[in-house]
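With the sequence up front, the predicted model follows.
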Amino acid sequence: MIDAVLFDLDGTLADTAVDLGAALNRLREEAGQTPLPAATIRPHVSKGVRGMLGLGFSLAPGDDSYADLHQRFLAYYGESLCAATTLFDGIAELLDRLEVQGVKWGVVTNKTSRYTLPVVETLGLARRAACIVSGDSSPRPKPAPDPLLLASTIAGTDASRCLYVGDDLRDIQAARAAGMGAIAAAWGYLGDELPLDKWGADAILESPASLVGLLGQHVLE
C-alpha cells in the first residue's frame, strides 16, 4: 500500500523552463551571444544552474567566470521566478485525486528553498503539500536518498510506502537509494543521459493522467 506520492518540482510538477531559459538567454545576450531556443534549453533544465551554464557557456564550477555567471543567473531568475511557470497539464487533477483518496503528496527538489517556496506558493501548492523538501533541506541533495527520506519522515510514513516521481536519472537513483518506488515522468525534461528505458524505473509514464491510472490499479483500490 502506498501512503504518499512525492514529486520532483522542475519538469515533473511544474514547467519552469521558460523562466529559467529567460535568465540564461539574458546572460547570453549580455555576452553578445544569440538566445537559445526553448527546445534546446528544456532538456537541461532539470540539471539546475550548473546544467544551464554548461549549455549556455560551456562552463563548469571552478572555471573562470562561472561563479559570477552563477550569481547573476540566480539574480535574474529570482526577478521573474513565476512569470511563465505553470503546472503541467493533468497535475492539478492528479493532486485532487490523491487528496480525495487520502493519499499524501509532497515536493522534493534540488532547487534551494529561496526559489522553491515562492514557486510552490504561487502555484497554490504550499498549503496542500504534506512536505516540501528543497536542495538545502538536507545534507546531501539527490541522487543521495537524504531528501526523500526526510520527506517521508515529515509526511509521517515509511519510505517503503512512498512513490517518487521525477524526470531526471538522479530522481530514479534517489528513489532507489531511499527504498521508494521509482516513477519516470516522460512528460518532463528528461535530459540527455541514458535512454529513459535504461534508468531502472519501476514505471515510465507519458502523462500525469497515466499516473492516475497506475494509482487506481495499485494504490487507490
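Thanks, I have it. Numbers count the residues shown, from 1 in each chain.

what bits of this structure have low per-residue confidence?
192, 216-221 (pLDDT under 70).

Residue ranges of each domain in it, please.
Split into domains by automatic domain parsing, the chain comes to 4-15+86-218, 17-79.

For this structure, which segments count as helices?
17-30, 38-41, 48-57, 66-79, 91-100, 113-122, 146-155, 169-178, 208-218 (DSSP state H).

Between the ones you listed, which one is closest to Gly106.
Using CB to CB as the measure, helix 146-155 is the one of these that comes nearest Gly106, at 5.3 Å. Just so you know, the C-beta spots here come from the backbone N, C-alpha and C atoms, and that holds for glycine as well.

Tell me who's in contact with Trp199.
Applying CB atoms under 8 Å, 6 or more residues apart in numbering, we find Trp199 in contact with 169, 172, 182, 184.

Kindly supply the ChimeraX command isolating those of those that are buried.
Only the buried entries of those go into this ChimeraX selection, using 16 or more other CB atoms under 10 Å:
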select :169,172,182,184
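
And the furthest pair within the contacts of Trp199?
Largest separation among the contacts of Trp199 by CB to CB: Leu169 and Ala182, giving 10.5 Å.

Quick check: nearest residue in space to Tyr76, chain neighbours excluded?
Ala23 (4.0 Å; CB to CB, 6 or more residues apart in numbering).

For the one you found, give me its contacts.
52, 73-74, 76-77, 80.

out of these, which are buried?
52, 73, 76-77.

so which of the helices of the chain comes closest to Arg128?
Comparing those under CB to CB, the one sitting nearest is helix 91-100, at 7.0 Å.

which residues touch the closest one?
By CB under 8 Å, 6+ apart, the list of residues contacting helix 91-100 reads 5, 13-14, 104-105, 125, 128, 208-209, 211-212, 215, 220.

Thank you kindly, that will do.
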